[in-house]
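Visitor: Here's my sequence, what's the structure:
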Amino acid sequence: MSLTEINIDDLMLLEQHRINRLRGFFAQSLLHCIIYCDRHKTLIVHCLKASIVDAVLSDLEDLCNYARLILGVDAIALYFAQEEICRTEICDVYQKTIC
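Guide: Model prediction:
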C-alpha cells in the first residue's frame, strides 16, 4: 500500500474526526447529541433531550456555516424522539442571494 492510498476505514476515521471538531465548536449544544452524515451529504443531529433541541436551534445559523466548512454537508436535519424537528438546506456563499 502506498502512502497516498486511503481505504474506507481511513475515510470513516477522518469523518469522525471532523464530526468531533464540529462538536468542539458547539460543545454546549451538541455534547449530548448523536451526530453523523448520511449518504446525501446531510448532517443528522439526534437530540436526546428537549432542552438540547432549543440550544441547537439557537445555534443553527452558525452550525450551518461550520458544518458546511468542516464536513462539506448540504443540509442539516434535527431530530428529537425519532421525529424530524427541522431540516435546513445550507447555501453556498456564492448562492446566498438566490436561497
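
Visitor: quick one, phi/psi of the spatially closest residue to residue 26 that is not a sequence neighbour?
Guide: Nearest non-adjacent residue to residue 26, counting by Cβ to Cβ, 6 or more residues apart in numbering: residue 59, 5.7 Å away. C-beta here means a position set from N, CA and C on the backbone, and glycine is covered the same way. Main-chain dihedrals, residue 59, degrees, to the nearest 10: phi -100, psi 10.

Visitor: Can you show me the helices along this protein?
Guide: 8-25, 27-30, 50-58, 60-71 (DSSP state H).

Visitor: Now tell me which helix or strand of this structure has the poorest mean pLDDT.
Guide: The weakest-scoring helix or strand in the chain, judged by mean pLDDT, DSSP states H and E, is helix 27-30 (a mean of 90).

Visitor: Which strand residues bridge the residue positioned nearest the centre of the chain?
Guide: Nearest to the geometric centre of the chain sits residue 43, at 3.7 Å (Cα atoms, centre = their mean). Going by DSSP bridges, residue 43 is paired in beta bridges with residue 37, residue 76.

Visitor: ok, now residue 33?
Guide: For residue 33, the beta-bridge partners are residue 47 (DSSP bridges).

Visitor: Then residue 80?
Guide: Partner residues in beta bridges with residue 80, using DSSP bridges, are residue 47, residue 83.

Visitor: quick one: contacts for it?
Guide: Neighbouring residues of residue 80 by Cβ atoms under 8 Å, 6 or more residues apart in numbering: 46-47, 50, 53.

Visitor: In JSON lines, list these along with pLDDT.
Guide: Below are the contacts of residue 80 laid out as JSON lines (pLDDT from 0 to 100):
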{"residue": "46", "pLDDT": "97"}
{"residue": "47", "pLDDT": "95"}
{"residue": "50", "pLDDT": "91"}
{"residue": "53", "pLDDT": "94"}
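
Visitor: any idea which of those has the most stuff around it?
Guide: Of all those, residue 47 has the most neighbours under the rule other Cβ atoms under 10 Å, reaching 22 neighbours.
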